[in-house]
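compute the structure for the input listed below.
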Amino acid sequence: MISERKAKDRGRTDWGWLDSRHTFSFGEYFDQRQMGFRSLRVINDDRVQAGAGFGTHGHRDMEILSYVLEGALEHKDSTGGGGVIRPGEIQFMRAGTGVTHSEHNASKTEPVHFLQIWIVPDARGLAPRYDQQTFDAKAAHEGFVRLAAQGGEGGAIELHQDVALWMTRLGAGDTRVHALAPGRHAWLHVARGSLALNGHALEEGDGAAVSGEPQLELSGKGEAEALLFDLG
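Just a heads-up that it's a prediction; the model follows:
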């Protein structure tokens, strides 16, 4: 079964300096039907104006990933972790027992577009942790690249949950196939462009929940970029 979540149906926060689209309930946007999928709790599609950002605030007991599509995002947190994240990189913060952090557009002239992803961990009270990695862009044009996984499988960012996060970039006519083991589920988020998922046409910002399917077949309709969450 494939259940689509169209970009136009997402929640929205518009504070002028921030334009955020919420796949699942977040902040002032609440929909009892959209509280996440499995352990995937948040996908926020954020655009932050030049020189602006989120001031210092706190989180706990959450695995938080930031994935930059355009521009540069500056991160600082109370663990001492920090850096500037750009396209081709993924950043991770384990909030665990409690972390304060800030995120700002690193540019004074250009906007930044990024995805913020929250995954509910399999245990509470974990020690906070920070990580930032560059992924293989060439490999992403040839297949799926693993960005994060339980226990850091394959050298990916280590998650404390039964989740593997993959990404791929497709051109027109390209095909990707991801086998889904029995009893597992998936969420696909189209970060850029358009593609078909098992025959379902999806555009930028669209998502889809997948259960009871033996595989996911992605077909590029043009240049596209997608994140695929393989979920227990």
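
please name the residues that touch the residue nearest the centre of the chain.
Against the mean C-alpha coordinate of the chain, by CA atoms, centre = their mean, the closest residue is residue 117 at 4.3 Å. Going by CB atoms under 8 Å, 6 or more residues apart in numbering, residue 117 touches 40, 42, 43, 44, 64, 65, 66, 67, 165, 227. Placement of C-beta: from N, CA and C, glycine included.

from residue 15, how far out is the first one?
In this structure, residue 40 and residue 15 are 25 Å apart, going by CB to CB, to the nearest Å.

pLDDT below threshold where in the chain?
Scanning the chain for pLDDT under 70 picks out the ranges 101.

from residue 175, how far out is residue 88?
For residue 88, the distance to residue 175 (CB to CB) stands at 23 Å.

typo on my end, residue 210
Shown here: residue 210 relative to residue 175, a distance of 17 Å by CB to CB.

equivalent analysis for residue 29, please.
The gap separating residue 29 from residue 175 is 35 Å, by CB to CB.

go on, residue 40?
Counting by CB to CB, the gap from residue 40 to residue 175 is 25 Å.

and these two? Which one has more around it.
More crowded of residue 40 and residue 175, by other CB atoms under 10 Å: residue 40, with 24 against 11.

give the contact list for that one.
24, 117, 118, 119, 163, 187, 229, 231.

partners of the fourth one in the sheet?
The partner list for residue 119 in beta bridges (DSSP bridges) reads residue 40, residue 63.

okay, now it: neighbour count?
Neighbour count for residue 119, taken as other CB under 10 Å: 24.
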